[in-house]
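Novice: Next come a sequence and a model predicted from it.
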Amino acid sequence: MSSSQFVRTFGSFDPVQQTWSLTPNQQSLGTGLGYAGVILGLLCGSPLNERLGRKKSLWIQSFIVAVGVTIESTCQTSYAQFIIGKAVVYFGGGIATNVIPAYHGECAPRALRGLMAGTYNAFLMVGGFTAALIVYLCQHIPSDWAWRGVVVAQITIPAIGWLSLPFLPESQNWLISRGRLDEAAATLRRLHGPDFPAETEGSAAADASWAACATDPVNRGRAIICVEAQILQQAQGISFVANYQAVFLQQIGFKEVLLLSVVVYVIGIVANLISMFTTDRVGRRSVLLYAAGLLGVCMLVIGGLTAHGGAGMSYAMQVAMVVMLMLWFFCFQITWGPSPWVLAAEVPPAQVREKMVALTGFAGYGTGLVVVFVNPFTQEAIGGRVAFIYGSLSVLAALFVWFVVPELRQRSLEEIDEMFQERLPTRAFALYVCRVPDEVALEQKAAIECVDDA
């Protein structure tokens, strides 16, 4: 939307402002239908994930993304065709959102689960950076390739999948749930070495229904943690920053919006790299709690600086606003960006893991869908004061973390199951000593040896 050639191709000319622009309706549809595609992909991805496994679901996802890229890249002047192609690409992304957190949670050792789960959000940042960089470098091309180049470049996503998927093992948890014990043992040996440790986190579990996510009180509590974390991740303003920051900066008179978009994503990548190495050391609860406070302060300052629009802002105020925006984005991407995905990887129980991950993604992207549909009209009506809304929601996020989110750092999936079954108070998780970790480990080792002997 920030590419001038894209706006000239699909937008309209305003004779009063003497500029080309997309209408608020076009902005809402162009961004909102993508989120709708993600939600549909999440709903379809759950049965695929359960029936076909993680690898086959990712093969299907890669094919769907390639189809969507083809629809987008062959578009000439039809905005409808473009947003349909975008929705198809995002549909494939929804399937990936269902599969990848579950796959990370099942295959990553507990000491590295935060790092591995954090890679999902990190690669989202890499994709955003690549897109912003291509748009910036192509901005002076006097043709529609100024925007078409970044669309065509999306084909690298399924291409990477096609090249890497043959080398990935299937999830041992999914194989065990399907009775394919020999293959599960082979996966465990591949992931943990020929003498894989006794505390391996693969265990058999019967599939449960969707209703089990809500009717079982323990599952319900776990679902609330995952779902609310995703809702508040989106509600604090990331959809606004990611999708409308260029439009927002143009409204307040900032000139180098494309360059700033590149810088913002560089900051996001650096923050995610830091989070990958701190999440398993510092934990989940404390960083989410303190970060919510800092995010709220940043948004309130941004709202105060931009409350009277671009005409009332000095250059110093513009610089201060950009600094606060960068600080907000850095703080978000080191905390609230990756951490909800870490929770989605480790909190759901095995019996309903695919379904709970789907609910988690549905809640997050559903919130994002509301934001991207409503934000253009709200921003047009109240300008920079829209940041006050997101800042106030960060206060709600801090309260949620304090009362609901437990600390699960360095815990195995079996230990997490035990603590939730004990219905511990939220702040008791960090110091709880599991009763029989050695016995559980020995039972798992015996079970795996039986599989090897079978």
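Specialist: Thanks, I have it.

Novice: what sits against the residue positioned nearest the centre of the chain?
Specialist: Nearest to the mean C-alpha position of the chain, by Cα atoms, centre = their mean, lies N121 at 5.3 Å. For N121, the contacting residues are 272, 275, 333, 337-338, 341, by Cβ atoms under 8 Å, 6 or more residues apart in numbering. (Glycine included, C-beta is placed from N, CA and C.)

Novice: how about 7 Å then?
Specialist: Contact analysis of N121 by Cβ atoms under 7 Å, 6 or more residues apart in numbering lists 272, 337-338, 341.

Novice: how far away is S73 from A153?
Specialist: 9 Å (Cβ to Cβ, to the nearest Å).

Novice: re earlier: so what's the residue nearest to the centre of the chain closest to, chain neighbours aside?
Specialist: P338 (4.1 Å; Cβ to Cβ, 6 or more residues apart in numbering).

Novice: pLDDT value on the residue nearest to the centre of the chain, please?
Specialist: N121 carries a pLDDT value of 77.

Novice: tell me the average confidence for the helix or strand where Q61 lies?
Specialist: Per DSSP states H and E, Q61 falls inside helix 24-73. For helix 24-73, the mean per-residue pLDDT is 87.

Novice: That one - contacts with which helices or strands?
Specialist: Using 3 or more Cβ pairs under 7 Å, 6 or more residues apart in numbering; DSSP states H and E, the elements in contact with helix 24-73 are helix 79-107, helix 145-153, helix 156-164, helix 353-382.

Novice: Need the winner for burial among those.
Specialist: Mean neighbour count, computed with mean count of other Cβ atoms under 10 Å, is highest for helix 79-107 among the helices and strands packed on helix 24-73, reaching a mean of 24.

Novice: Let me know the angle separating that one from helix 145-153.
Specialist: 40 degrees (axes from the mean of the first three to the mean of the last three Cα atoms, to 10 degrees).

Novice: so how far is helix 79-107 off the chain centroid?
Specialist: For helix 79-107, the separation from the chain centroid amounts to 11 Å (computed by Cα atoms, centre = their mean, to the nearest Å).

Novice: so what does it touch, helix or strand wise?
Specialist: For helix 79-107, the packing partners by 3+ Cβ pairs under 7 Å, 6+ apart are helix 24-73, helix 113-137, helix 339-346, helix 353-382.

Novice: Could you export those as JSON lines, including distance to H104?
Specialist: Below are these laid out as JSON lines (distance: least, Cβ to Cβ, whole Å):
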{"stretch": "helix 24-73", "distance to H104": "10"}
{"stretch": "helix 113-137", "distance to H104": "5"}
{"stretch": "helix 339-346", "distance to H104": "5"}
{"stretch": "helix 353-382", "distance to H104": "10"}
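
Novice: Please name whichever of those is nearest to F403.
Specialist: Using Cβ to Cβ as the measure, helix 339-346 is the one of these that comes nearest F403, at 15.1 Å.

Novice: Buried residues, the closest one. List them.
Specialist: 339-346 (16 or more other Cβ atoms under 10 Å).

Novice: Turn those into a markdown table, columns for pLDDT.
Specialist: Listed next are these as a markdown table, based on pLDDT from 0 to 100:
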| residue | pLDDT |
| --- | --- |
| S339 | 90 |
| P340 | 90 |
| W341 | 85 |
| V342 | 87 |
| L343 | 90 |
| A344 | 87 |
| A345 | 83 |
| E346 | 87 |
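
Novice: Looking at those, spot the one nearest G53.
Specialist: Checking the buried residues of helix 339-346 against G53 by Cβ to Cβ gives A345 as the nearest, at 17.1 Å.

Novice: excluding its backbone neighbours, what's nearest that closest one?
Specialist: G105 (3.5 Å).

Novice: ok, now how distant is the one you found from L249?
Specialist: Distance, G105 to L249, by Cβ to Cβ: 37 Å.

Novice: that older thread, among the helices and strands packed on helix 24-73, which is nearest Q233?
Specialist: Using Cβ to Cβ, the nearest of the helices and strands packed on helix 24-73 to Q233 is helix 353-382, at 6.0 Å.

Novice: which secondary structure elements does the closest one contact?
Specialist: So helix 353-382, by 3+ Cβ pairs under 7 Å, 6+ apart, packs with helix 24-73, helix 79-107, helix 212-215, helix 217-233, helix 239-251, helix 386-404.

Novice: please redo it, this time with the cut-off set to 10 Å
Specialist: helix 24-73, helix 79-107, helix 172-177, helix 212-215, helix 217-233, helix 239-251, helix 339-346, helix 386-404 (3 or more Cβ pairs under 10 Å, 6 or more residues apart in numbering; DSSP states H and E).
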